[in-house]
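Undergrad: Dropping the sequence and predicted coords here.
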Amino acid sequence: MCLSVPMRIIEVEGDKAVVELGGTTQEVSVILIDPPPEPGQYAIVHAGFAINVINEDEARENLALLEELAECHQRELESRGEG
């Protein structure tokens, strides 16, 4: 399964950006976004590429849904004695 996640843009230099989620940073390509994103914005990141800029409210909503999904998955594993 492939998953894209919203990440906050820390810095942008040319076609690359440093993004952050939960204290973890990574460098991604921003060549798919026009106009180029700015630090402080949120972007949907997939496979090393920022693919779309979204606003902070959308990012928080998506992150909350991902967290809820992870919690449901953990409960399912625990109910089967796997977690």
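TA: Thanks, I have it.

Undergrad: Please count neighbours and contacts with C-alpha atoms only from this point.
TA: OK.

Undergrad: quick one: buried residues of the helix or strand of the chain with the lowest mean pLDDT?
TA: Sorting the helices and strands of the chain by mean pLDDT, DSSP states H and E puts helix 56-79 at the bottom, at a mean of 91. Within helix 56-79, the residues that count as buried by 16 or more other C-alpha atoms under 10 Å are Glu56, Ala59, Leu63.

Undergrad: report the angle between the axes of the helix or strand containing Ile44 and helix 56-79?
TA: In this structure, Ile44 is located in strand 42-46 according to DSSP states H and E. Angle between the axes of strand 42-46 and helix 56-79 is 40 degrees (criterion: axes from the mean of the first three to the mean of the last three C-alpha atoms, to 10 degrees).

Undergrad: Give me the helices and strands touching strand 42-46, please.
TA: Counting contacts by 3 or more C-alpha pairs under 8 Å, 6 or more residues apart in numbering; DSSP states H and E, strand 42-46 packs against strand 5-13, strand 49-54.

Undergrad: Save the buried residues of helix 56-79 as JSON lines, and put in distance to Arg8 too.
TA: Converted to JSON lines, those look like this (distance: C-alpha to C-alpha, whole Å):
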{"residue": "Glu56", "distance to Arg8": "9"}
{"residue": "Ala59", "distance to Arg8": "9"}
{"residue": "Leu63", "distance to Arg8": "11"}
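
Undergrad: Would you mark the buried spots in stretch 19-28?
TA: Judged by neighbour count using 16+ other C-alpha under 10 Å, the buried positions of stretch 19-28 are Val19, Glu20, Glu27, Val28.
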